[in-house]
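Novice: What follows is a protein structure lacking sequence information:
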C-alpha cells in the first residue's frame, strides 16, 4: 500500500494544472487523508480503512471512464495507471468494507 497505492494517488498533485487535475487530485487523495484517523484509532491497518475509499475512488473511476479529461503524454499515461490502481484497490476494498460492517474489526497483526 505504501509502496504503490499511496504514491500513485499522491502523484495526482503534480497534475493540478491539467484538465480536471484538481478534481482528480481531490478524489484521489481525500480517501487517504480520511484514513489517517482510522490508522491512529486502530493503531494499525484494519478493514475499516476500506470505507473511506469507496465513495471518492468509485467516483474517480467513473470520472476516468465516462468523463475522461483530454490528456496527452505523461498525463494520459498517468490517468491510465491511476485508473488501474484504484480499480484493483476497490476490488479489495468493497469486500473488506462488507467484512468490517459485519463485525470483522481487528487490526492487522493483532
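Specialist: Great, that's in hand. Remember, it's a predicted structure, so these values are computed and weren't measured experimentally.
Novice: what about the closest residue to residue 51 other than its chain neighbours, how many neighbours?
Specialist: Once flanking residues are discounted, residue 51 sits nearest to residue 97: 5.2 Å by Cβ to Cβ, 6 or more residues apart in numbering. C-beta here means a position set from N, CA and C on the backbone, and glycine is covered the same way. By other Cβ atoms under 10 Å, 19 other residues sit near residue 97.
Novice: Give me the helices and strands touching whichever strand or helix holds residue 97, please.
Specialist: With the criterion set as DSSP states H and E, the secondary-structure element containing residue 97 is helix 73-101. Helices and strands in packing contact with helix 73-101 are listed as helix 5-10, helix 21-42, helix 51-66; criterion 3 or more Cβ pairs under 8 Å, 6 or more residues apart in numbering; DSSP states H and E.
Novice: rerun that using 7 Å as the cut-off
Specialist: Counting by 3 or more Cβ pairs under 7 Å, 6 or more residues apart in numbering; DSSP states H and E, the packing neighbours recorded for helix 73-101 are helix 5-10, helix 51-66.
Novice: Tabulate these (CSV), appending mean neighbour count.
Specialist: As requested, the helices and strands packed on helix 73-101 are arranged in CSV below (neighbours: other Cβ atoms under 10 Å):
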stretch, mean neighbour count
helix 5-10, 16
helix 51-66, 17
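Novice: Looking at those helices, which is nearest to residue 30?
Specialist: Between residue 30 and the helices and strands packed on helix 73-101, the tightest spacing by Cβ to Cβ is seen for helix 51-66, at 4.9 Å.
Novice: Show residues contacting the lowest-mean-pLDDT helix or strand in the chain.
Specialist: When each helix and strand of the chain is scored by mean pLDDT, DSSP states H and E, helix 21-42 comes last, with a mean of 90. Among residues not part of helix 21-42, those counted as contacts by Cβ atoms under 7 Å, 6 or more residues apart in numbering are 6, 9-10, 12-13, 15-16, 45-46, 48-49, 52-53, 56-57, 59-60, 82, 107.
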